[in-house]
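In: here is a sequence with its predicted model. Questions after.
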Amino acid sequence: MKYLIDFMALVFLYAFVFFRKWKSRGKDILFVNTLMYIYLSFVLYFTLMPVITSIPFVLNHPYAPMNLTPFIDVFAGRGDFLRQIILNIIMTIPFGFLFPLTQKGTAKFGRTVFFCFLMSTGIELLQPLIDGFRSSDVTDLITNVIGGMLGYGFYVIFKPITFWILDKLEDE
């Protein structure tokens, strides 16, 4: 039920704010921005949700400081560090690919990586606030940025095909 409230808020926001704005700018922009919105909604689901029902309890638990030792789990051989690293990289590959498309292809590598870093930093700082059982880790931040960089590499590789598809979509 907690997740349903967040998803309803995301659907409402999309339907009454973003959809109208993006639709008026063309099918290609609507398509790309909607893909990015869906992607970011899934990122929220896996990293922060439930958000709305957690707000009243944000100050009811101690804030665990961020682990600032990169790859400490790897060096200490703790837990499922390899799985966590791979999942964090995979999670942000779509960001690195889609972000330049939302900017009509004008976003350069540095800008894409910077916004991927901002998104990841926001998530890492909010996780312990929203849920007292979650923690922040600089390793997650590093691996998320690596994923964004890889995604941008895929964007560069597939740029001709992607823009051909978007042009066809706009011609319809």
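Out: Cool, got the structure.

In: could you identify the helix or strand that succeeds the helix or strand bottoming out on mean pLDDT in the chain?
Out: Among the secondary structure pieces of the chain, namely its helices and strands, helix 72-76 has the lowest mean (mean pLDDT, DSSP states H and E), a mean of 87. Per DSSP states H and E, the first helix or strand lying C-terminal to helix 72-76 is helix 81-102.

In: chain center to the next helix-or-strand element following that following helix: distance?
Out: With elements assigned by DSSP H and E, the helix or strand that comes after helix 81-102 is helix 109-130. Put simply, helix 109-130 sits 8 Å off its chain's centre (CA atoms, centre = their mean, to the nearest Å).

In: just the buried residues of helix 109-130, please?
Out: Buried positions in helix 109-130, judged by neighbour count with 16 or more other CB atoms under 10 Å: 112-113, 115-117, 119-121, 123-124, 126-130. C-beta coordinates here come from the backbone N, C-alpha and C atoms, glycine included.

In: for stretch 78-88, same thing?
Out: For stretch 78-88, a neighbour-count test (16+ other CB under 10 Å) marks 81, 84-85, 88 as buried.

In: extract the C-alpha set from that stretch and format it as CSV.
Out: Taking Å, rounded to 0.1, in the frame of the first residue of the first chain, the C-alpha atoms of stretch 78-88 are listed here in CSV:
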residue,chain,number,x,y,z
ARG,A,78,32.1,-8.8,3.1
GLY,A,79,28.8,-9.8,1.8
ASP,A,80,27.8,-9.9,-1.8
PHE,A,81,30.0,-7.0,-2.8
LEU,A,82,30.4,-8.2,-6.5
ARG,A,83,26.6,-8.4,-7.0
GLN,A,84,26.2,-4.9,-5.4
ILE,A,85,28.8,-3.4,-7.7
ILE,A,86,27.4,-5.0,-10.8
LEU,A,87,23.8,-3.9,-9.9
ASN,A,88,24.9,-0.3,-9.2
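
In: touching it from outside, list them.
Out: Counting by CB atoms under 8 Å, 6 or more residues apart in numbering, the neighbours of stretch 78-88 from elsewhere in the structure are 71-74, 139-140, 143-144, 147.

In: quick one: buried ones out of those?
Out: Buried residues within the contacts of stretch 78-88, defined by neighbour count using 16+ other CB under 10 Å: 73, 139-140, 143-144, 147.

In: what is the nearest of these to Met8?
Out: Using CB to CB, the shortest approach to Met8 within the buried ones among the contacts of stretch 78-88 belongs to Asn144, at 27.3 Å.

In: I'd say the closest one and Ile93 touch.
Out: No. The pair Asn144 / Ile93 is not scored as a contact, 9.9 Å apart, by CB atoms under 8 Å.
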